[in-house]
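Trainee: Take a look and give me a structure for this.
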Amino acid sequence: MVLTLFTSMVISCTKNTIEEPQVNVTQPDPVESPDAMSLTFTKKTAPVLLEFTSTGCSGCGSWGKPTFKKLVNSYEGKVTPLAVHIKYGDPMITEESTAIGANRHGSFYTPQIWVMDENAVLLNGGSISAASEQNARELIDASLTTDQPALAATIKKENNKMEVMYGVKFIDMDPEGEYSLACYLTEDGIKHQQSSSAMNPATHDHVLRASAGGAFGIAFTGADLRDNEKAWSQNFDISAYESGNVYVTVILWKKSGSRYMPVNGYTAR
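Mentor: Residues are numbered from 1 along each chain as shown. Coordinates of the predicted model:
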């Protein structure tokens, strides 16, 4: 069983009968927090699950979004999902999503579902193989057995602001190499037309909206850590978003040459 990819078809979104997604709000830079001990670090691996998608991509609506949702629900609390909108003038595209999309290796077609640094989608000619979902599950299961640095975050919402503290701790391991810790403002429940969706307007969850410190966050090395840990704080302006639907996604990236590879993830609601 295969699903034909619509990788070159540009399909316009119907916007006059649905709510417009809010635009990205410029956020201040994060501030280093000397009080990392106020975070509780637990050694847990939550593999990063990236959905490269677009509202104008037919394959994204018919296969990508439903499969991504199924995987997130199957591994609820065990994976770190992030929907990265790219291509076709999608109104949820941000500078961060564009940069993360360009960070991929291999072919840049859409839809793609990545587990950590590997594209889980298997192709049969120009179509998606039915084995892709099972491949994603195998990659997730394998990632869950690995030990990774611990991440933590806390949030507080008040008066259209979200106060965030987030950090990383290397427990029983040495921080070798170059890393970056990113904190993303993420939103669920966004209603927007989706090409080839079974129901429109479609609901878009885990959407990357803004960031603290850019697409890949704040860079550091082992020499920058104190007691093998480091933390930052950030105040997000959430006035343009639905307050009850926004939360933060923290991802630790490791730099390899010019690319960034996800190492571990964490969500705080």
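Trainee: can we go C-alpha only for contacts and neighbour counts from here?
Mentor: Noted.
Trainee: Give me the residue ranges of this protein where confidence is low.
Mentor: 1-20, 22-23, 34-37 (pLDDT under 70).
Trainee: please redo it, this time with the cut-off set to 50
Mentor: Scanning the chain for pLDDT under 50 picks out 1, 5-19, 22.
Trainee: Break down it into its helices, ranges please.
Mentor: Remark: helices assigned in the chain by DSSP state H are 58-59, 65-74, 95-102, 132-144.
Trainee: ok, now which ones touch the residue nearest to the spatial centre of the chain?
Mentor: The centroid of the chain falls nearest to Leu82 when counting by Cα atoms, centre = their mean (2.5 Å). For Leu82, the contacting residues are 48-51, 186, 206-208, 249, by Cα atoms under 8 Å, 6 or more residues apart in numbering.
Trainee: before we move on, what about Phe216?
Mentor: Neighbours of Phe216 in contact, by Cα under 8 Å, 6+ apart: 96, 100, 180-182, 253, 260.
Trainee: Restrict the contacts of Leu82 to the buried ones and give me that as a PyMOL selection.
Mentor: Burial among these is assessed by 16 or more other Cα atoms under 10 Å; the matching PyMOL selection reads:
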select buried, resi 48+49+50+51+186+206+207+208+249
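Trainee: so can I have JSON lines of the contacts of Leu82 showing distance to Thr267?
Mentor: JSON lines is the format used below for the contacts of Leu82 (distance: Cα to Cα, whole Å):
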{"residue": "Val48", "distance to Thr267": "10"}
{"residue": "Leu49", "distance to Thr267": "12"}
{"residue": "Leu50", "distance to Thr267": "14"}
{"residue": "Glu51", "distance to Thr267": "16"}
{"residue": "Thr186", "distance to Thr267": "9"}
{"residue": "His206", "distance to Thr267": "10"}
{"residue": "Val207", "distance to Thr267": "13"}
{"residue": "Leu208", "distance to Thr267": "12"}
{"residue": "Thr249", "distance to Thr267": "5"}
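Trainee: tell me the most buried of the helices of the chain?
Mentor: helix 58-59 (a mean of 24; mean count of other Cα atoms under 10 Å).
Trainee: mind checking how far that one is from the chain centre?
Mentor: When C-alpha coordinates are averaged (Cα atoms, centre = their mean, to the nearest Å), helix 58-59 and its chain have centres 20 Å apart.
Trainee: Kindly report the same for stretch 45-57.
Mentor: 6 Å.
Trainee: For it, C-alpha coordinates in PDB please.
Mentor: Below are the C-alpha coordinates for stretch 45-57, written out as PDB (Å, rounded to 0.1, in the frame of the first residue of the first chain):
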ATOM      1  CA  THR A  45      14.800  10.400  27.300                       C
ATOM      2  CA  ALA A  46      11.800  11.800  25.300                       C
ATOM      3  CA  PRO A  47      12.800  11.400  21.700                       C
ATOM      4  CA  VAL A  48      12.100  14.400  19.500                       C
ATOM      5  CA  LEU A  49       9.400  13.800  16.900                       C
ATOM      6  CA  LEU A  50       9.400  16.400  14.100                       C
ATOM      7  CA  GLU A  51       6.600  16.800  11.600                       C
ATOM      8  CA  PHE A  52       7.600  18.700   8.500                       C
ATOM      9  CA  THR A  53       4.300  19.900   7.100                       C
ATOM     10  CA  SER A  54       2.300  22.500   5.300                       C
ATOM     11  CA  THR A  55      -1.300  23.500   5.000                       C
ATOM     12  CA  GLY A  56      -0.900  23.500   1.200                       C
ATOM     13  CA  CYS A  57       0.500  20.000   1.000                       C
END
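Trainee: bridging residues for Leu82?
Mentor: Counting by DSSP bridges, Leu82 is bridged to Leu50.
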